[in-house]
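K.L.:
Here's my sequence, what's the structure:
(2 chains)
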Amino acid sequence: MNNERNWRRTLLGVVDTVTQPLIAVLISLLLGAVVILIIGKNPLAAYGSMIRGAFGKQVYLMNTLKRATPIIMGGLAVCMAWRSGYEAMGGEGQMILGAMAAALVGYYLPAPGWVRILAALLAAAAAGALYSTLSGWLFERFDVTFVISTLMLNYIANYFASFLCNYPLRDPEANVYQMQNAQTGELPAGATLPPIAKGWVHWGFVLAVIAVIIVWFLFKKTSFGYKSRMGGLNPRFALYGGINARRMLYLVMILSGVMAGLGGAFETLGSKSRYVDQMIFSTGYAWTGMVAALLANMNPIGTLVASILLAGLAVGSSQLMLMDIPLEVCNIIEGIITLFMSARMIRIAAGNIRRRKQAKGGGEA
Amino acid sequence: MKKIASLLIVLVLVLAAFGAHAEEAKKIAVICDPVGVNPFLTQVVEKVNELKETYGYELTILECSDTDKWQASYDTAVAEEYDLILGVGWQSASYAAAKAEECDDSIRFAVIDTDAGSDKVASYSYNEEQAAYLMGAMAGYCFPNETKFGYIGCFEGSGSFKYRWGFMEGVKSVVPDAQITFNFTNSYTDPAPAYDFAKQQQAKGCTYIFGGAAACNEGIFNAALELAEEGKFIYSIGQDTDATREDNPYILSSQLKNTGVTAGIIIDAYFAGTLENGLHVLEMKDGAIGATHITADGIYLNSEVLTDEVIAQCKAVADAIASGELVLEMPASEDDYTFPIF
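P.N.:
Below you'll find the predicted structure:
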């Protein structure tokens, strides 16, 4: 009897989790169809073309998986922090610094290619972790809200990376006829993440999938998930239960930063082979990762799937342009999904803040 | 029997004609940043659309909204078997070179305003420093008593050094003790920072501001109109295409870069079978770069500032550059040059 009840509860939970993202996607596709109809195209043909452009050929599928790689890592960073009750939005800044650290180490370290790759990954993880820890420290020491500190730190990271690739780390081999904007030097061939096989996505994608499994394991199979959640939502209750909330805060922020930093490194080492100014900022990987995590209700495996879908949406837009449909239409669909999801995001954030306040008030009373 | 044979021959000829026509319909893809109102790109799009009538090719414009879309667009164009893939802008260089290595000669690659550094890609770049020098000289001739000049560009990469160096040297050729202040919008299309920078540069004492910020220049032009209402006057120039207009007399000229003409050169050469790979550098003598009212006509002339005398002086400079009498030797690297910044 109990088993049956548990089973029904689990099933209802799954339906509840899946329903809202599905409704959001369906409504956004319908609204997108209206836009496509307005510009005089067939929505079904357009969506068909988009799906083909994202998954229809090996080259398109690989582009989708390549684009999904930093999005997955950005999503995992959000899963880490948000599941623990910290509404950190600093994935972008951490990813930027991770990407830059990887470019710097990969280019300048005088070592064999594989050593450069390992060192670049470590440097990126460390850069992301340190930057994430900074916002954790601001929260713990000065009660600076995560939303504010992480958003501001994103800008600082982007301008700092811009400065580096404009001045001290600018590509020394660029010639005047290339008309390059700011970017660092190209990594040597052996110092980049190679494709899994010829014509396939780079190894960064595999590492991202491994990271998904690790995060899922941490949350589901260890006490970390419970401890971190308690530490974030109700530090006093956590302390009462023998959990060091301060330690958990920093641990969560470090792990979250590592994920984002590695996401940046995968993009540098696997895709661009250098740091190009605005390469994380203009692509919005971290924000798309946040949308993916929200779509998946902070479930790491769901985040993986949602990241691939959102990356496919972006990559498929190239195919839409073959039908003379402006790329803005695809951006509109993405925007609508974000809009529908943001309602959920605000609810989660508001709930977390309320619970934390209640916990504080309860402790003081 | 004869009738049937004749009919068959006619049928075969008609089918052959259709077949030949289908074979001739080439596919051209243009890969670039979002076009919007950026004159650097609108010129190309207008030209390739115009030539579609002449050559009857299929045309697709693949706009890349972020840095990651460039590779995806190149992959798409190759996968969909386009015959000529034309990249516009510096981002296209590495992707064009990499894809050209993978493909056989049936797909041709060309890039505008960059050097792919590949013998499998036709690269078309410019000596923009020549036109920038001309604009600097114009600034000096228009305002010989000023020593503070402004510059608002898009990005401070090595790609903009040609503009900055050319402009600075041009100003200094007339006003040797000239100083300069730089600001960058970090965008090709956002006029808001350019508007703010223009007002700040005016407050710092600039009367002339070099508009090197593509579509962002609109911000400078709007600031000039607003400042004029307060009795503070600044003058600027447009970029790539003629930006002069009657409703804004503070736009004196434009530094022209005819990317549309270049696209035309590439497509004509492609269909004539004469498109050569390697680097082609276009100069003032080719008519690919220049200045409104000096090397080309403009829509509106503010003759109170850009007087006949100034125009004559500027034309002399342009002629000297085009004829090779004035050779501009740019330093190999920005590190070898010091701007007199204030």
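K.L.:
Tell me where the model's unsure across the stretch 251-365 of chain A.
P.N.:
Low-confidence segments of the stretch 251-365 of chain A (pLDDT under 70): A:330, A:333-334, A:336-338, A:340-357, A:359-365.
K.L.:
how about the residues of it that lie near chain B?
P.N.:
Contact residues, the stretch 251-365 of chain A versus chain B (Cβ under 8 Å from any Cβ of the partner chain): A:271-272, A:276-279, A:282-284, A:314-315, A:317-319, A:321-322, A:324, A:326-327, A:331. Quick note: C-beta positions are derived from backbone N, CA and C, even for glycine.
K.L.:
From those residues, list just the buried residues.
P.N.:
Using 16 or more other Cβ atoms under 10 Å in any protein chain shown as the burial test, these include A:271-272, A:276-279, A:282-284, A:314-315, A:317-319, A:321-322, A:326-327 as buried.
K.L.:
In the stretch 1-150 of chain A, what residue spans correspond to helices?
P.N.:
A:2-38, A:43-51, A:58-83, A:91-108, A:113-142, A:146-166 (DSSP state H, counting those that start in this stretch).
K.L.:
and among those helices, the most buried is which?
P.N.:
helix A:91-108 (a mean of 30; mean count of other Cβ atoms under 10 Å in any protein chain shown).
K.L.:
what angle sits between that helix and helix A:113-142?
P.N.:
Orientation of helix A:91-108 against helix A:113-142 (axes from the mean of the first three to the mean of the last three Cα atoms, to 10 degrees) gives an angle of 150 degrees.
K.L.:
Pull the CA coordinates from helix A:91-108 and hand them back as CSV.
P.N.:
In CSV, the C-alpha atoms belonging to helix A:91-108 read as follows (Å, rounded to 0.1, in the frame of the first residue of the first chain):
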residue,chain,number,x,y,z
GLY,A,91,28.3,31.9,-13.8
GLU,A,92,29.1,34.3,-16.6
GLY,A,93,31.9,36.0,-14.8
GLN,A,94,33.4,32.7,-13.6
MET,A,95,33.1,31.3,-17.1
ILE,A,96,34.9,34.3,-18.6
LEU,A,97,37.7,34.1,-16.1
GLY,A,98,37.9,30.3,-16.6
ALA,A,99,38.1,30.8,-20.4
MET,A,100,40.8,33.5,-20.0
ALA,A,101,42.8,31.4,-17.5
ALA,A,102,42.8,28.5,-19.9
ALA,A,103,43.9,30.6,-22.8
LEU,A,104,46.6,32.2,-20.8
VAL,A,105,48.0,28.9,-19.5
GLY,A,106,47.5,27.0,-22.7
TYR,A,107,49.4,29.6,-24.7
TYR,A,108,52.3,30.6,-22.4
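K.L.:
Where does pLDDT dip in chain B?
P.N.:
B:1-24.
K.L.:
in it, which spans are strands?
P.N.:
All strands of chain B, identified by DSSP state E, fall at B:27-32, B:58-63, B:84-88, B:108-112, B:121-126, B:148-153, B:179-184, B:208-212, B:235-240, B:251-257, B:278-282, B:289-291.
K.L.:
of all these, which lies closest to chain A?
P.N.:
For the strands of chain B, the distance to chain A is smallest for strand B:121-126, at 4.0 Å, taking Cβ to the nearest Cβ.
K.L.:
by how many degrees do that closest one and strand B:108-112 diverge?
P.N.:
Using the same axes, to 10 degrees, strand B:121-126 lies at 10 degrees relative to strand B:108-112.
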